[in-house]
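# Give me a model of this one.
(one chain, ligands or ions: 1)
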Amino acid sequence: MTNAPARPSSDTQPIDAVIVGAGFAGMYMLHKLRGLGFSATVLEAGSGVGGTWYWNRYPGARVDIQSLEYCFGFDEDLEAEWRWSERYAPQPELLRYANHVAERFDLKRDIHFHSRVTAAHWDEASQFWQIETEGGARYRGRHLILATGCLSIPTDVTFPGMETFKGPVYRTSRWPHEGVDFSGMRVAIIGTGSSAIQSIPVIAEQAAHLTVFQRTPNYSMPAHNGPIPQADLEAWAKDPRAYRAASKDTIGGFQNEANTTTLATETAPEEVRAELERRWAWGGFRILGAFADTGIDPAANRIIQEFVAEKIREQVADPAVADLLTPKDHPFGTKRPCVDTGYYATFNRPNVSLVDLRADPIVGFTPAGISTQANDYAFDAVVLATGFDAMTGAIDRIDLRGVGGRRIKDHWAEGPRTYLGLMVAGFPNLFTITGPGSPSVLTNMINSIEQHVEWIADCLVSLNQRQQTSIEASEEAEAAWCRHVAEAVTPTLMPQANSWYMGANVPGKPRMFMPYAGGLNTYTEICRQVAAKDYEGFVIRKGDRVLSESRVFTSHPPMPEIPEKLMPIVVERLTAAGLMPAAQ
Ligand code: NA7
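Okay, here's the model as predicted:
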């Protein structure tokens, strides 16, 4: 990839909004602002649009929310003219869709490709962001909108001696655009997260032999990919607007029949089983919403864990391999569950083997392959599916400095702090789309993106109408929001897993649950109320004059309806975390 910008190397004309990233978030933000008469420019590191779907071209990559819901809903004509070929569109189709959107709305003329942003400094005197790219181009933006994605910076996992290996080493997240032909090769893959679980069955069909190096098994549900279910297609066709609204008015931003009242622990075992079977047969994430207690009560969670373990045993012929593939160190749903096509059955193939790195850790690479403590393996190619520096990685790699030169890295030294996952105290006019502290990765990203883009656009219109030059989250509101983000997740089992949600996959990263677990529907309502109260929790200025200042955040949602039986667990966890006064 060249560093040379595709457009003139310098452009210091003031721009209303500089947007970083040309994935779905950056594209819609650009389109939305343009339509409102703002000037906007997108800076994108890659050579094309699509973000996640531009970079993650590994074999088998596909979306794990149904495509009917994982697509834009902001334009009825766009929605009407696009037809998805399958329930879960594969990466090439998603990339075609991204390009279709870019062309349909003539977006590329305002996107500078090969433009990785390296620095952005807030200039108090002019009330502008001064932005610089790797190639040395400079921009001045009244607002800086980070549409940098939650899973866009791979972790830099390396192994001793990796540079001595004679064959190629591929990262799933940086897959060669021309594709890779593994025919006749002995291939290794390290990692068993979603990227590996999607690519393993496809690579196994091509390679002479595939060796999977697993450190921690993950839960995976079958996609049952195929034609879009008739019932969904009909519901959508009948009234696309209502269908979209129903998707957004959910916890996860997609229709999942979430049950918020029935407890697995209080339901007859045969009924529990029937319900889990029904949802497993439907496929994907549907099983997550089966009962109200599985995300909170360890006893209820164990029921679902055992159900999935049984499903793994049914699919994998060798009981020892099935056992190794069965998660034991985290409750179901506390790491991002995977959605697969033939993952477990792949281990029945004679050309696939599994190495348990807990029992036999990797010592390093050799010129011929990989050595573990007990074995030497020879390979022709190695695939690293080792994950991402999630949620904060792309933001804190920018030399981002706010008021008084404060660095975002310092502000986030103990974990990301934001107000609504949208803005950061001390960083005026900086917005994050699906940033830490917002529902983002716990939801259908496209619906979360639409909500954020529309909120930010309304905010900019409101500022503009009143000729205000800056908006900044107050420290008080930011602190209150961080507390609320903790309150939303603490009652659940989520913090018990060493997940990337917690920053646990990156050595040295602060442990903090980063996304907002209160649900997209609740979150949308909170954001609406904040704006309706004239942007409560924000300080709004014109130059150095404060025009409006409401520092507190009062738009707390009502406590969610939690079944009575779960209350002792919830209270105990909130009390232990210091989020609830201890009972006298
Ligand atoms: P994940 O889900 O973070 O998975 C990364 C995998 O790589 C996981 O199995 C890790 O094991 C493994 N890993 C990481 N470092 C090592 C080392 N050093 N040695 C061995 N194994 C290692 O990333 P994905 O790309 O699969 O998925 C990310 C998201 O993309 C996914 O959730 C979807 O939202 C789409 P560990 O669990 O750390 O033991």
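# Output the set of residues of the stretch 301-450 of the chain in proximity to the ligand.
Listed as neighbours of the ligand in the stretch 301-450 of the chain under the rule Cβ under 6 Å from any ligand atom: 336, 357, 385-388. Where C-beta positions appear, they are placed from N, C-alpha and C, glycine not excepted.
# which residues does the closest residue to the ligand within the stretch 351-500 of the chain contact?
Proximity of the stretch 351-500 of the chain to the ligand (Cβ to the nearest ligand atom) peaks at Gly387, 2.7 Å away. Counting by Cβ atoms under 8 Å, 6 or more residues apart in numbering, Gly387 makes contact with 154-155, 157, 191, 193, 195, 500, 505.
# Repeat that for Phe105.
Contacts here follow Cβ under 8 Å, 6+ apart; on that basis Phe105 touches 27, 31.
# ok, now how distant is it from the ligand?
26 Å (Cβ to the nearest ligand atom, to the nearest Å).
# For Met514, see how far away that residue is.
31 Å (Cβ to Cβ, to the nearest Å).
# Just to be sure, Arg96 is in a helix?
Yes: membership of Arg96 in a helix is supported by DSSP: H, G, I helix; E, B strand; the rest coil.
# how much space between it and the ligand?
20 Å.
# what's around that residue, how many residues?
14 (other Cβ atoms under 10 Å).
# Please flag which of the contacts of Gly387 sit within helices.
Assigned to helices by DSSP state H, the following of these qualify: Ser195.
# picking that back up, do you know the pLDDT at the residue of the stretch 351-500 of the chain closest to the ligand?
At Gly387, the predicted lDDT confidence score is 98.
# In the chain, which residue sits nearest the ligand?
For the chain, Cβ to the nearest ligand atom, closest residue to the ligand: Gly193, 2.0 Å.
# Verify the stated contact: that residue with Ala390.
No: applying Cβ atoms under 8 Å as the test, Gly193 and Ala390 come out as separate, 11.0 Å apart.
# The two: which has the busier surroundings?
Under the criterion of other Cβ under 10 Å, the comparison of Gly193 against Ala390 puts Ala390 first, with 27 against 21.
# a helix runs through that one, doesn't it?
No: secondary structure of Ala390 (three-state DSSP): coil, not part of a helix.
# Show me the helices in the stretch 101-250 of the chain, by range?
Ranges of helices within the stretch 101-250 of the chain are 194-206, 230-238, 240-248, based on DSSP state H, counting those that start in this stretch.
# meant to ask about the stretch 301-450 of the chain
Using DSSP H, counting those that start in this stretch, helices in the stretch 301-450 of the chain cover 319-324, 343-346, 393-396, 408-411, 445-465.
# With the stretch 451-584 of the chain instead?
475-489, 520-532, 567-576.
# Can I get the first one as CSV, trimmed to CA atoms?
Included here for helix 475-489 are C-alpha records, laid out as CSV according to Å, rounded to 0.1, in the frame of the first residue of the first chain:
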residue,chain,number,x,y,z
GLU,A,475,-16.5,15.8,33.2
GLU,A,476,-19.5,15.3,35.5
ALA,A,477,-21.6,13.8,32.8
GLU,A,478,-18.8,11.6,31.5
ALA,A,479,-18.2,10.3,35.0
ALA,A,480,-22.0,9.6,35.4
TRP,A,481,-22.1,7.8,32.1
CYS,A,482,-19.1,5.6,32.9
ARG,A,483,-20.8,4.7,36.1
HIS,A,484,-24.0,3.9,34.2
VAL,A,485,-22.1,1.7,31.7
ALA,A,486,-20.7,-0.2,34.7
GLU,A,487,-24.2,-0.5,36.3
ALA,A,488,-25.6,-1.9,33.1
VAL,A,489,-23.1,-4.8,32.8
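# buried stuff in that helix?
477-478, 480-482, 484-489 (16 or more other Cβ atoms under 10 Å).
# Name the residues that touch the helix or strand of the chain with the lowest mean pLDDT?
One helix or strand of the chain scores below all others by mean pLDDT, DSSP states H and E: strand 545-549, with a mean of 84. With contacts defined as Cβ under 8 Å, 6+ apart, strand 545-549 is touched by 466, 468, 474, 534-535, 538-541.
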